[in-house]
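Enquirer: structure for this input, please:
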Amino acid sequence: MVARLVGMQAGQSPLLVLLGPTASGKTALSLRLAEHYGGEIVSCDSVAVYRGMEIGTAKPTLTERRRIPHHMVDVAAVSEAFTAGEYARQARAAIAEITSRGKLPIVTGGTGLYLRALIDGLFPAPPRSDELRERLRRSEAARGPGWLHRILIRLDPTAAEIIHPNDAPKLVRAIEVCLANRVPITESWRIGRESLQGYQVLRIGINPDRKALYDRINSRAATMFDEGLVEETRQLSAKYGRDARPLTSLGYRQAMAVLAGELSLQEAVARAQQGHRNYAKRQMTWFRREPDVRWIAGFGNEEDVLRQAMLIIGEGLGAAAAAKPELQPVAAPGAQSAS
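Expert: Below is the predicted model:
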């Protein structure tokens, strides 16, 4: 069994969570820490779960996945409806299996809802109302873009900060839950959930300088298009249909607009860059509400960030690792960094 964190209750095992905005270097840091502590990585990304979506997801490369075992990557077809609840079920099973082999599970990613579902559980959701959903869609069509978001602002301003004004499916569901439960959806999130049991969770957040982060986001988004995102999107839409929901995610949405002749390539790149920058802001808004996060300034591929992360982990794992060989650092961290 994996060694317990110092001060944790009997029967609890360590679980490391690395969180932060897109392009902050979470993958690089997770690989280094997994090598150092004998860990395995559990991806927490709502798009990386889909097979065939490679260029636009920035998921770990095949080389990185051979370097360290990864879980919750390529577990669903683009045609499947993969929910936060399904993610939590599969990720919890993966974490239990990793722990049973004496390894350290390292949850890494930027999808706040998936992380909340994994750690805190999901609230008992009211059933879908197709009639209400259709009324809301007709209302949005009649009143124009942003109408659903304005409704949600009145019902639950906190949820409206988290959900993008253009994410119609999430807006509709949030409004549906608010009306059905007669309380804000964020209040529903806090009650009646089955949290993850048997683990002491250590959260480390990566917080780069905003301008440097935006520069990196802009570069990454442009590179995705340079490396063939439009062609990858063409192939996926031909196989799964233009209405496949994963193809509405950032980058793919703009590539679909290029294929439809609605945007030039240059316009698509600019909109994808803006979309990813906005997403990074929403991620930080969400993660700042996470409890007990130990924030580190910088990018995850920087040596100083690695050292600080190891100091934080050492506060919890150090004494326990000394008593349990399976959690001993397997090698001193080198100068090499991952992307």
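Enquirer: once you drop chain neighbours, what's closest to W189?
Expert: Beyond its immediate neighbours in the sequence, the residue positioned closest to W189 (CB to CB, 6 or more residues apart in numbering) is F123, lying 5.6 Å away. C-beta coordinates here come from the backbone N, C-alpha and C atoms, glycine included.
Enquirer: helix/strand/coil for the one you found?
Expert: Recorded secondary structure, F123: coil (DSSP: H, G, I helix; E, B strand; the rest coil).
Enquirer: shouldn't it be in contact with S195?
Expert: No. Counting by CB atoms under 8 Å, S195 is not a contact partner of F123; they are 11.5 Å apart.
Enquirer: who's more crowded, those two?
Expert: F123 (18 against 10; other CB atoms under 10 Å).
Enquirer: can you check which strand is longest in the chain?
Expert: strand 199-207 (DSSP state E).
Enquirer: can you tell me the strand partners of that strand and which way each runs?
Expert: Using DSSP bridges, the strands paired with strand 199-207 in its sheet are strand 13-19 (parallel), strand 293-297 (parallel).
Enquirer: winner for burial among those strands?
Expert: Among the strands paired with strand 199-207, strand 13-19 has the highest mean neighbour count (mean count of other CB atoms under 10 Å), at a mean of 24.
Enquirer: which strands and helices lie in contact with the longest helix seen in the chain?
Expert: Longest helix in the chain by number of residues (criterion: DSSP state H): helix 265-287. With contacts taken as 3 or more CB pairs under 8 Å, 6 or more residues apart in numbering; DSSP states H and E, helix 265-287 sits against helix 112-119, helix 157-162, helix 210-226, helix 252-259.
Enquirer: report the angle between the third one and helix 265-287.
Expert: What it means is helix 210-226. Calculated by axes from the mean of the first three to the mean of the last three CA atoms, to 10 degrees, helix 210-226 forms an angle of 130 degrees with helix 265-287.
Enquirer: likewise for the first one?
Expert: Counting by the same axes, to 10 degrees, helix 112-119 lies at 40 degrees to helix 265-287.
Enquirer: can you list contacts of the helix or strand just after helix 112-119?
Expert: As assigned by DSSP states H and E, the chain's next helix or strand after helix 112-119 is helix 130-143. Contacts to helix 130-143, defined as CB atoms under 8 Å, 6 or more residues apart in numbering, come from residues 147-148, 151, 168, 172, 175-176, 179.
Enquirer: quick check: the two most widely separated of these?
Expert: A168 and L179 (16.3 Å; CB to CB).
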